[in-house]
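Chemist: sequence and predicted structure below; questions after.
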Amino acid sequence: MADTNLINFEAVTATVPGDGSRILLDRVSLGVAAGDRIGVVGLNGGGKTTMLEVLTGAREPDGGRVSRQRDLRIAVVGQYTELPAGARVRDVVLGRLGVSVDGDEHEWAADAQVRAVLAGLGITDFDRTVDGMSGGERRRVSLAAALVGESDLIVLDEPTNHLDVEGIAWLAQHLVARRCAVLVVTHDRWFLDAVCTRTWEVGGGDTAGRVESYTGGYADWVYARAERVRQSDAAEERRRNLARKELAWLRRGAPARTSKPKFRIEAAEVLIADVPDPRNTPELMAFASARLGRQVLELEDATLTVPGRALLDHVTWRLGPGDRIGLVGVNGSGKTTLLRALGSERALDGGKLVTGKTVRLAHLTQELVDLPASQRVLEAVEEIARFVTVGRNELTASSMLERLGFPAARQWTPVGELSGGERRRLQLTRLLMGEPNVLLLDEPTNDLDIDTLQRLEDLLDGWPGTLVVVSHDRYLIERVCDTVVALFGDGRITHLPGGIEEYLRRRAAAPAAATGPPTSTRTSAGNSTGNSTGTGADETGQASAAERRDAQKEARRLERRLAALNAREAKLHTALADAATDPPRLLELDAELRAVVAERATVEEQWLLAAELAEG
């Protein structure tokens, strides 16, 4: 019911300021109900931020009506963090609570929610001024100020920008636990799935200015959009068939009786039943080996330091042909510095970097490259190359631009008129046109919308070479990388067989320190060396006899659990095939299957650890 909504849009219209001809919202009617957790998606410049501004009252609509519940409490964090110059952290964060920021801490410290927010966002120095803070630090302070108080609605515009993987995971968990409504604009697809129960797509229909509403998060939105496209294609094919029949009737001079075709909506899985895996890994590895040889990048006994600490301490790490590695760690752990060292842009402080003779390396940095403002987009790409080979396909510069979100008309736009996201895409396109066989990507998702991210991932799926990605976008890491490694602050590069889930578990196990277990690992993606003793080992590094017996029992128990999970997974696959015409049942079975697969991955990791300890 409309009267239960916190905010209602009634035929709301909004245009670009100063350009009334460009409509961002076109007679949009929708509502935000208590308890809703809504994700807002759409192309850059499509009107997402404008919709938030109208919804929160920061801007008046050009037409229509916005009604808000009386005494509605709204907390807003915009995309660009503006903090008062010279203000202390306590002024910004605690001032909203209405307590004396210079008084005794018991005035606010007794509040469990306040403590949880401050701890979750890592805010401990309340007397520090906001001047000179990094973008990530300012974003955490702004989020804390919005989250410490009680709100009916929390509105966040790109809240994951500048947050690391751990911070994003905490924010998602916190928002789900809150009882208030949440409205969030984000391109972080994992975050959308973890938090949102509804998705609004701005400008996603046939006409700009529309807002389409879908049930569920990112995965549900993708299924729904795929089905919408399928139905649209089917409708277009029916229209063409009718036109052909009508023409044939006119030519024959007599109407023909035809049976009405029958159509049914296929389940979501049917849409992707014949779609191959995103990557043909063996084929890409063969391509990569042919282009790169056996030696790519090797750190040998490498030491890398920054003032006050060592990022790498006598580390040996080898990257092979076709390795696809995601590099994670908290902000400031040294990820960008490590990429610069791999790219020979920053000298090691000890040891050496060996680069293969056939390596052609490209490094996408977080800084935008300056290009002549009058230069056209296509010209900026063609000055690198007019053609490029990606896997088995040869693409023109124009085709490559289209794959990264530059339609033909936009390719003649002067560089000076591009948005930040478009300049980022142009920078990446220029790098790829150089046909590198080693790619270092530092936060490649910055300023990119979801459609562009999907195009980038599709491009990387067929790219044969060695890839190292630094990103806070968990979905991207899990989508394009086969291996995850982490910098825990202990001077090593730690391989994580369990991926980002394992990273978060290790971080949670040592919240007071930026270090993880000092493990020594070697994988196909490289190795990290060092002397260590694992959990449960004695001073010689060997497990005791009792510990080995316990580990053997645990391994046998986990083996039985794995067998049960494998059997359950097989039954679920059969049930999915039988329920192909029952979409509600399909969704139920799919959710159960994902839970089983996730549990199996966790159990497999636990079994590996137990088996290793059992062997002594």
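Modeler: On my side now, so go ahead.

Chemist: how much space separates residue 584 from residue 198?
Modeler: 18 Å (Cβ to Cβ, to the nearest Å). Glycine gets a C-beta too; all of them are placed from N, C-alpha and C.

Chemist: scratch that, residue 464 is what I was asking about
Modeler: Counting by Cβ to Cβ, the gap from residue 464 to residue 198 is 39 Å.

Chemist: more crowded one of these two?
Modeler: residue 464 (24 against 19; other Cβ atoms under 10 Å).

Chemist: I'd like the next helix or strand past the longest strand anywhere in the chain.
Modeler: When the chain is scanned for its longest strand (criterion: DSSP state E), the result is strand 19-33. Remark: after strand 19-33, the chain's next helix or strand is strand 37-41, criterion DSSP states H and E.

Chemist: that next one vs strand 19-33, what angle?
Modeler: Angle, strand 37-41 to strand 19-33, by axes from the mean of the first three to the mean of the last three Cα atoms, to 10 degrees: 160 degrees.

Chemist: quick check: which element contains residue 600?
Modeler: Judged by DSSP H and E, residue 600 forms part of helix 583-614.

Chemist: okay, buried residues for that helix please.
Modeler: Neighbour-count burial for helix 583-614 flags 583, 586-587, 589-590, 593, 596, 600-607, 609-610, 613-614 (criterion: 16 or more other Cβ atoms under 10 Å).

Chemist: try stretch 297-309
Modeler: Result for stretch 297-309 [16+ other Cβ under 10 Å]: buried residues 297, 298, 299, 302, 303, 304, 305.

Chemist: dump these to TSV, plus secondary structure and pLDDT.
Modeler: Below are the buried residues of stretch 297-309 laid out as TSV (DSSP: H, G, I helix; E, B strand; the rest coil; pLDDT from 0 to 100):
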residue	secondary structure	pLDDT
297	strand	92
298	strand	93
299	strand	94
302	strand	94
303	strand	94
304	strand	93
305	strand	91
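
Chemist: so residue 433 touches residue 399, yeah?
Modeler: No: Residue 433 is beyond contact range of residue 399, at 11.0 Å (criterion: Cβ atoms under 8 Å).

Chemist: okay, the two: which has more neighbours?
Modeler: Ranked by neighbour count (other Cβ under 10 Å), residue 433 and residue 399 place residue 433 first, with 22 against 13.

Chemist: contact partners for that one?
Modeler: 381, 384, 385, 388, 397, 400 (Cβ atoms under 8 Å, 6 or more residues apart in numbering).

Chemist: can you rerun that using 6 Å?
Modeler: 381, 384, 385, 388 (Cβ atoms under 6 Å, 6 or more residues apart in numbering).

Chemist: going by neighbour count, which of these comes out on top?
Modeler: That'd be residue 381 among the contacts of residue 433, by other Cβ under 10 Å, with 24 neighbours.

Chemist: look up the closest residue to that one, ignoring the ones flanking it.
Modeler: residue 397 (4.4 Å; Cβ to Cβ, 6 or more residues apart in numbering).

Chemist: now residue 375
Modeler: residue 415 (5.0 Å).

Chemist: residues near that neighbour, how many?
Modeler: 18.

Chemist: repeat for residue 548
Modeler: 16.

Chemist: over to residue 229?
Modeler: 11.

Chemist: helix/strand/coil for it?
Modeler: helix (DSSP: H, G, I helix; E, B strand; the rest coil).

Chemist: that one and residue 223, how far apart?
Modeler: In terms of Cβ to Cβ, residue 229 sits 11 Å off from residue 223.

Chemist: same question, residue 547
Modeler: According to Cβ to Cβ, residue 547 and residue 223 sit 47 Å apart.

Chemist: neighbour count winner among these two?
Modeler: Shown here are residue 547 and residue 223; by other Cβ under 10 Å, residue 223 has more neighbours (21 against 17).

Chemist: tell me the confidence at the more buried one?
Modeler: For residue 223, the pLDDT comes out at 81.

Chemist: what about residue 220, which helix or strand?
Modeler: helix 218-252.

Chemist: thinking the residue nearest to residue 375 is in contact with residue 378, fair?
Modeler: No: contact criterion Cβ atoms under 6 Å: residue 415 and residue 378 do not qualify, at 10.6 Å.

Chemist: if we can go back for a sec, how about the contacts of residue 433 in CSV, adding pLDDT?
Modeler: What follows is the contacts of residue 433, written out as CSV (pLDDT from 0 to 100):
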residue, pLDDT
381, 92
384, 90
385, 88
388, 82
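
Chemist: looking at these, which are in strands?
Modeler: Counting by DSSP E, the contacts of residue 433 contribute residue 388 to strands.

Chemist: would TSV of the contacts of residue 433 with distance to residue 313 be doable?
Modeler: Shown next, in TSV, are the contacts of residue 433 (distance: Cβ to Cβ, whole Å):
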residue	distance to residue 313
381	42
384	38
385	41
388	40
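
Chemist: any idea which of the contacts of residue 433 is closest to residue 480?
Modeler: Of all these, the one sitting nearest residue 480 is residue 388; the distance, using Cβ to Cβ, is 18.7 Å.

Chemist: where do the strands sit along the stretch 251-400 of the chain?
Modeler: 297-306, 309-319, 324-328, 350-355, 361-364, 387-390, 393-396 (DSSP state E, counting those that start in this stretch).

Chemist: quick check on residue 215: phi, psi?
Modeler: Phi and psi for residue 215, reported as degrees, to the nearest 10, are phi -80, psi 140.

Chemist: so what's it scoring on pLDDT?
Modeler: So, for residue 215, pLDDT stands at 86.

Chemist: and for the one 3 residues further on?
Modeler: Reported pLDDT at residue 218 in the predicted model: 87.
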